[in-house]
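Asker: dropping the sequence and predicted coords here.
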Amino acid sequence: MSSERSTIEGPETAAAAGASGNGAPAAQDTLTVVDNRTGASYELPITDGTVRATELRQIKVDPDEFGLLSYDPAYMNTASCRSAITYIDGEAGILQHRGYSIEQLCEHSTYLEVAYLLINGRLPDQEELGGWVDEITIHTFVHENVKDFMQGFRYDANPMGMLVASVGALSTFYPDANKIHDERVRAIQIIRLLAKMPTLAAFAFRHNMGQPYVYPDNDLDYASNFLGMMYKMTELKYQPDPRLARALDVLFILHADHEQNASTSAVRGVGSTQVDPYSAVAAGVAALYGPLHGGANEQALRMLGRIEKVENIPGFLAGVKAGNERLMGFGHRVYKNYDPRARIIRKHLDAVFEVRGKSPLLEVATELEKQALDDDYFTSRKLYPNVDFYSGLIYEALGLPVAMFPVMFAIGRTAGWIAQWKELVEDPEQKIARPRQIYTGARDLEYVPIEQR
């Protein structure tokens, strides 16, 4: 297993990571807070543009109090970690992984190279990339009992539900995975997760379609192998059109990581208990199962189908303005500009349609985008197309049912989940996640026996 050690690197040094916020802040890097209840004044250190929430604990009316808490539902303005993995500037529409723009990575790189970058913190050289790809390729097969486990689901089981269960079940096949502080053990689990996620996803698809499972073909690259496991029928050798394989690989890159979103936060939260990585990633898959996260492109596709024709767009947009319709695939919690991922996906649509035939909804999508971006009502509200607006069209062109859309998302996001989990494990500041609450219920009630209620 010596080669497995060589492709997963240990924690970065503070100098290599460029950690600038660990020392004492300069004198002017403080926030003065005056508590108007007491007149007391407090100096709170500002580090990397943030104030530690625990600094608020010193603000009290009475010495016996717990201290002031910050209240931030849905983490709208709370940083839960330091991370060197993904940088997003939502106002400027910038997405970078380890400092490299998403545009450059999608143009020049492959998904597995981006996975190496996210997990190890740097781009590999030719020898390192070759070894990395070889290791992942030879681990694509799953234990036969995993196949038996998946065959136990109902014939119409949702593929995403099957993926949640099967990813979590991998922890029972690799019981040493809970040795998360052993770098060598960590390395092989990372390889296994990246290798087996497409296999589990393809098995879920075939099960849902009522078709026999197809084993991996290790002569194919990552995306081509996945397409083969989904679509191979009676042919002796399945070889997908390279345009489809490349478009799918780019989609995996675009979904690889996106900072501290709901599923990544779930991975980190569960991972903070020091559980094995399979269980932590299963939590991420479960979070992605939700329609507000992994199901957004499905909603966008359904919207386009409901609009049906270009001539119906003005009426639909009028309905959005009146509050009777929802414009799906537009706007983003982070981006206040055009989602850079949407631009990249748009470029690959034509290549996919050359192979699979043009979707009748493409014209509707293109014209809807044009009319929305020509309307101050939407641009003033920063409602620009996001990654979900066009990705559903590609998945539909590939012949995938909408239930598979979040599964495709999960395959790409696996690299980011693993990178975030690894960073969490190596971060000495991280502890078990335990948010506070503001209690709003009753107190000091007297118990009433049931016969007196």
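Answerer: Happy to help now that I have it.
Asker: residue ranges with poor pLDDT in this protein?
Answerer: Applying pLDDT under 70 to the chain flags the ranges 1-27.
Asker: and the strands in it?
Answerer: 30-34, 41-45, 86-89, 94-97, 100-101 (DSSP state E).
Asker: any chance of the ones you listed in CSV, plus mean neighbour count?
Answerer: For the C-beta atoms, the positions are set from N, CA and C on the backbone; glycine is no exception. Putting those into CSV (neighbours: other CB atoms under 10 Å) gives the following:
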stretch, mean neighbour count
strand 30-34, 12
strand 41-45, 13
strand 86-89, 17
strand 94-97, 20
strand 100-101, 16
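Asker: so which of the ones you listed is nearest residue 237?
Answerer: strand 94-97 (34.2 Å; CB to CB).
Asker: quick one: list the elements packing against that closest one.
Answerer: If you count contacts as 3 or more CB pairs under 8 Å, 6 or more residues apart in numbering; DSSP states H and E, strand 94-97 packs onto strand 86-89, helix 102-108, helix 111-120, helix 340-356.
Asker: so of the ones you listed, which one's packed in deepest?
Answerer: helix 111-120 (a mean of 24; mean count of other CB atoms under 10 Å).
Asker: just want the angle from the longest helix along the chain to helix 111-120.
Answerer: Across the chain, the helix with the greatest residue count (assigned by DSSP state H) is helix 183-209. Going by axes from the mean of the first three to the mean of the last three CA atoms, to 10 degrees, helix 183-209 is angled at 140 degrees with respect to helix 111-120.
Asker: got the buried residues for helix 183-209?
Answerer: 183, 185-208 (16 or more other CB atoms under 10 Å).
Asker: contacts for stretch 44-60 next, please.
Answerer: 20-21, 24-25, 29-33, 35, 40, 42, 66-70, 78-79, 82 (CB atoms under 8 Å, 6 or more residues apart in numbering).
Asker: how about stretch 110-118?
Answerer: 7, 85-86, 97-98, 100, 105, 109, 123-124, 128-129, 132-133, 136, 194, 221-223, 249, 252-253, 256-257, 412, 415-416, 418-419.
Asker: what sits against residue 302?
Answerer: 328, 402 are the contacts of residue 302 under CB under 8 Å, 6+ apart.
Asker: from residue 405, how far out is it?
Answerer: 11 Å (CB to CB, to the nearest Å).
Asker: ditto for residue 193
Answerer: 21 Å.
Asker: contacting residues for residue 91?
Answerer: So residue 91 contacts 336, 337 (CB under 8 Å, 6+ apart).
Asker: next one: phi and psi at it?
Answerer: phi -70, psi -40 (degrees, to the nearest 10).
Asker: ok so, going back, which one of the helices and strands packed on strand 94-97 lies nearest to residue 441?
Answerer: Comparing the helices and strands packed on strand 94-97 by CB to CB, strand 86-89 comes nearest, at 37.3 Å.
Asker: angles on the backbone of residue 398, please.
Answerer: The phi/psi pair for residue 398 (degrees, to the nearest 10) is phi -80, psi 0.
Asker: picking up where we left off before, show me just the buried residues among the contacts of stretch 44-60.
Answerer: Here, 16+ other CB under 10 Å leaves 33, 68, 82 buried among the contacts of stretch 44-60.
Asker: ok, these vs residue 274, which is closest?
Answerer: residue 82 (18.9 Å).
Asker: my guess is that closest one meets residue 427, correct?
Answerer: Yes: taking contacts as CB atoms under 8 Å, residue 82 lies within contact range of residue 427: 7.1 Å.
Asker: show me where the stretch 251-400 of the chain has its helices.
Answerer: 262-271, 277-288, 296-307, 313-321, 340-356, 361-373, 376-379, 387-397 (DSSP state H, counting those that start in this stretch).
Asker: what's the fifth one packed up against?
Answerer: Where contact means 3+ CB pairs under 8 Å, 6+ apart, helix 340-356 is packed against strand 94-97, helix 102-108, helix 242-254, helix 387-397.
Asker: how far off centre is that helix?
Answerer: 21 Å (CA atoms, centre = their mean, to the nearest Å).
Asker: what angle do that helix and helix 361-373 make?
Answerer: 160 degrees.
Asker: just use 859 as the starting number from now, easier for me
Answerer: Okay, using 859 as the starting number, the last item reads as helix 1198-1214.
Asker: which outside residues touch helix 1198-1214?
Answerer: With CB under 8 Å, 6+ apart as the criterion, helix 1198-1214 contacts 951-953, 959-961, 964, 1099, 1101-1102, 1104-1105, 1108-1109, 1112, 1217, 1220, 1242-1245, 1247-1249, 1251-1252, 1255-1257.
Asker: just the buried residues out of those residues, in ChimeraX syntax.
Answerer: With 16+ other CB under 10 Å as the criterion, this ChimeraX line picks the buried residues out of the contacts of helix 1198-1214:
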select :951,953,960,964,1101,1102,1104,1105,1108,1109,1112,1217,1220,1242,1243,1244,1245,1247,1248,1249,1251,1252,1255,1256
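Asker: how about residue 1192: what's its closest non-neighbour residue?
Answerer: With sequence-adjacent residues excluded and distances taken as CB to CB, 6 or more residues apart in numbering, residue 1192 is closest to residue 948, at 4.2 Å.
Asker: thought the one you found was touching residue 1189?
Answerer: No: between residue 948 and residue 1189 there is no contact, the gap being 11.1 Å when judged by CB under 8 Å.
Asker: could I get the buried ones among the contacts of stretch 902-918 in a markdown table, plus columns for distance to residue 998?
Answerer: A markdown table is the format used below for the buried ones among the contacts of stretch 902-918 (distance: CB to CB, whole Å):
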| residue | distance to residue 998 |
| --- | --- |
| 891 | 55 |
| 926 | 52 |
| 940 | 34 |
